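**Q** Predicted coordinates and the sequence they were generated for:
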Amino acid sequence: MEKIPVDSATGAVEQWQSFMSAWVELTKLARSVSDTIYPSAATTRSLLRTGRYIGLLEHFQPLLTSWRKKYLDPCKLKVGLHDMLHIEYQYVRIYTNSLGMQAVVERTLAETDPDVPQEDNLSFNLEPRDYDFIQEVVDGSCQILQKVCQLSETGALRYSPVRIFLRITTSSIYLIKGLSLGSRNQKLQSSLDILEGAIRALRAISSRPPRLPSRATSTDINKAGSTTGMDFLNNHNAGQSSLSSLAENVTGLMPDDDWLALPFDPAMAPFGLDNQQSFQGFDDGTLDFIWNLPM
């Protein structure tokens, strides 16, 4: 792959300028997503209630793809800069499409009988288009966690900035939530393997990664991942029948016993709408936003 020369001051400047141009464009796109979809809890609820969120997500998806083709696919940046942009792009992709996950939870809650015990309210209101959005979240999360493993192998993970660890933690949470809404067995197993690999990568660099806030440890992610894996094995039959029709709509080839899902739980929502929603973790350097995510 062709690289911009970095053996001179001119080459280094060109690298930095290319990186910053890509970063600025991605930041503008991320801010546009935030201002359009998450300006306030009331606006987001309205988008979900009316179904207008589908058109908005379909509007932003090709914009994200265009950015990727322009700045990531050519692979002209130095590896370290390219890796950072790759992770940031996948993060914006996750956050944008996670509204589809929120829509499933909000619709299901609206149709749930409050007089019926929660364990009996197992049926998801999951549309095929929402399934596509959820798969974008799952794939984007896996992309970040796979990059973590690569960075660990080269030794670069130890020296990554704090924002990279923010993305690792967030993608782990969104991956678990996305899988909990329903997944093919093979996809579930491969995703959990990727999560486990990322956990090993974090453990390999030290007992606690440099500058990583103490509340975000590989142990916490490991516990969440292990619990989710066991929950799928123990509870997939409960949510299976309610999703069999979706499985047929999505692929036409997916057998009932290959579709795993946890029983419905409001905590499957990627975020809460009680307060104004913002682009969480995008502007600051802390992990405080994680404690506001439903778990």
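**A** Cool, the structure landed. Numbers count the residues shown, from 1 in each chain.
**Q** Output stretch 150-162 as CSV - backbone C-alpha positions only.
**A** The C-alpha coordinates for stretch 150-162 follow below in CSV (Å, rounded to 0.1, in the frame of the first residue of the first chain):
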residue,chain,number,x,y,z
GLN,A,150,-3.9,-5.8,16.6
LEU,A,151,-2.6,-2.9,18.7
SER,A,152,-1.8,-5.2,21.5
GLU,A,153,0.2,-7.5,19.2
THR,A,154,2.3,-4.6,17.9
GLY,A,155,2.8,-3.1,21.4
ALA,A,156,1.0,0.1,20.5
LEU,A,157,-2.0,-0.4,22.8
ARG,A,158,0.0,0.5,25.9
TYR,A,159,0.7,3.9,24.5
SER,A,160,-2.8,4.7,23.1
PRO,A,161,-4.5,7.9,24.3
VAL,A,162,-7.3,7.7,26.8
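**Q** how long is stretch 65-78 end to end?
**A** 21 Å (C-alpha to C-alpha, to the nearest Å).
**Q** mind listing what's buried in it?
**A** Across stretch 65-78, burial judged by 16 or more other C-beta atoms under 10 Å covers 67-68, 71-72, 76-78. In this view, the C-beta of every residue, glycine as well, is placed from N, C-alpha and C.
**Q** now do stretch 168-186
**A** Here stretch 168-186 shows 168-184 as buried, counting by 16+ other C-beta under 10 Å.
**Q** ditto for stretch 137-153
**A** 137-145, 147-149, 151-152.
**Q** Looking at it now, give me its mean pLDDT.
**A** For stretch 137-153, mean pLDDT is 96.
**Q** What of stretch 104-122?
**A** 68.
**Q** now stretch 82-92
**A** pLDDT averaged over stretch 82-92 gives 96.
**Q** What residues of that stretch count as buried?
**A** So stretch 82-92, judged by 16+ other C-beta under 10 Å, has buried residues 82-92.
**Q** which residue ranges form the strands in the stretch 101-250 of the chain?
**A** 183-184 (DSSP state E, counting those that start in this stretch).
**Q** For it, give me the ranges with low pLDDT.
**A** The stretch 101-250 of the chain contains residues with pLDDT under 70 at 112-125, 206-250.
**Q** repeat that for 90
**A** 104-129, 162-163, 166, 177, 179-188, 203-250 (pLDDT under 90).
**Q** ok but residue 39 is inside a strand, no?
**A** No: using DSSP: H, G, I helix; E, B strand; the rest coil, the secondary structure at residue 39 is coil, not a strand.
**Q** unless I'm mixing things up, residue 146 is touching residue 193, no?
**A** No: contact criterion C-beta atoms under 8 Å: residue 146 and residue 193 do not qualify, at 10.3 Å.
**Q** and which of the buried residues of stretch 65-78 is nearest residue 127?
**A** residue 68 (25.9 Å; C-beta to C-beta).
**Q** If you drop the residues flanking it in sequence, what lies closest to that closest one?
**A** Excluding the flanking residues, the one nearest residue 68 by C-beta to C-beta, 6 or more residues apart in numbering is residue 89, at 5.9 Å.
**Q** Which elements pack onto the strand or helix carrying that neighbour?
**A** Residue 89 is part of helix 79-110 when elements are defined by DSSP states H and E. Counting contacts by 3 or more C-beta pairs under 8 Å, 6 or more residues apart in numbering; DSSP states H and E, helix 79-110 is packed against helix 9-37, helix 41-50, helix 52-71, helix 128-154, helix 162-180.
**Q** Now distance to residue 189 too, for the ones you listed, in JSON lines please.
**A** Converted to JSON lines, the helices and strands packed on helix 79-110 look like this (distance: least, C-beta to C-beta, whole Å):
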{"stretch": "helix 9-37", "distance to residue 189": "31"}
{"stretch": "helix 41-50", "distance to residue 189": "31"}
{"stretch": "helix 52-71", "distance to residue 189": "27"}
{"stretch": "helix 128-154", "distance to residue 189": "12"}
{"stretch": "helix 162-180", "distance to residue 189": "10"}
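**Q** closest to residue 270 out of those helices?
**A** Nearest of the helices and strands packed on helix 79-110 (C-beta to C-beta): helix 162-180, 5.6 Å.
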